[in-house]
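Novice: Here is my input; please provide its structure:
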Amino acid sequence: MDTSFPREDYLPTLSHKREPCPSTGTSLLPRDHLIWSIFNTIYMNFCCLGFVALTFSVKARDRKVVGDVEAAQHFSSKARCYNGLATVGSVVLPLLLAALVITGVIHLSKLAQESVGFFTYQLGGSDEEDK
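Specialist: Here you go, the predicted model:
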């Protein structure tokens, strides 16, 4: 009994190059976006979207190995979508937060300057009235 997994006779032969389909010009096998998903999971796991993308990438790779191209394409598109959301969320939100902090600091510095001017005027005005 052969218990080795995966069995060599059931695996389709895959080359490292993606060959274009002659009728449409697109590739036969969809991309699984696994490296992008791993990067998002480890470095930019915004709201666990990187982990969800990694799950769909692994599913896409499994379906591609089995030979189910339609399911692999479906999981690949979901992985790409979640990877895009994780990347945008992890890049845009910190930039937005930094812009809000900078705007707040500028506003507070102007407010502090105005309040210092107000208090010096009040103190200066009361000293002149006493004379």
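
Novice: Can you report how many residues neighbour Tyr43?
Specialist: By other CB atoms under 10 Å, the residues close to Tyr43 number 10. Heads up, the C-betas are built off the backbone N, CA and C, glycines and all.

Novice: residues in contact with the residue most central in space within the chain?
Specialist: Centroid-nearest residue in the chain: Thr87, 1.6 Å away (criterion: CA atoms, centre = their mean). With contacts defined as CB atoms under 8 Å, 6 or more residues apart in numbering, Thr87 is in contact with 36, 40, 44.

Novice: out of these, who has the most neighbours?
Specialist: Counting neighbours by other CB under 10 Å, the top entry in those is Asn40, with 28 neighbours.

Novice: tell me what the host helix or strand of it is packed against?
Specialist: In the assignment (DSSP states H and E), Asn40 maps to helix 34-42. Counting by 3 or more CB pairs under 8 Å, 6 or more residues apart in numbering; DSSP states H and E, the packing neighbours recorded for helix 34-42 are helix 49-66, helix 69-130.

Novice: Tell me which of those lies nearest to Pro30.
Specialist: Among the helices and strands packed on helix 34-42, the nearest to Pro30 by CB to CB is helix 69-130 (4.1 Å).

Novice: What's the mean pLDDT across the closest one?
Specialist: The average pLDDT for helix 69-130 rounds to 85.

Novice: what's the angle from it to helix 49-66?
Specialist: Relative orientation of helix 69-130 versus helix 49-66 (axes from the mean of the first three to the mean of the last three CA atoms, to 10 degrees): 170 degrees.

Novice: How far off centre is helix 69-130?
Specialist: Shown here is helix 69-130, whose average C-alpha point lies 20 Å from the average C-alpha point of the whole chain (CA atoms, centre = their mean, to the nearest Å).

Novice: And the helix holding Asn40, how far out from the chain middle?
Specialist: Helix 34-42 has its average C-alpha position 9 Å from the chain's average C-alpha position, going by CA atoms, centre = their mean.

Novice: Using CSV, write down the CA coordinates of that helix.
Specialist: Output in CSV follows, covering the C-alpha atoms of helix 34-42 (Å, rounded to 0.1, in the frame of the first residue of the first chain):
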residue,chain,number,x,y,z
LEU,A,34,0.7,33.6,-1.6
ILE,A,35,3.7,35.8,-1.1
TRP,A,36,1.6,38.9,-0.9
SER,A,37,-0.7,37.2,1.6
ILE,A,38,2.2,36.1,3.8
PHE,A,39,3.6,39.6,3.8
ASN,A,40,0.2,41.1,4.8
THR,A,41,-0.2,38.4,7.5
ILE,A,42,3.2,39.0,9.1
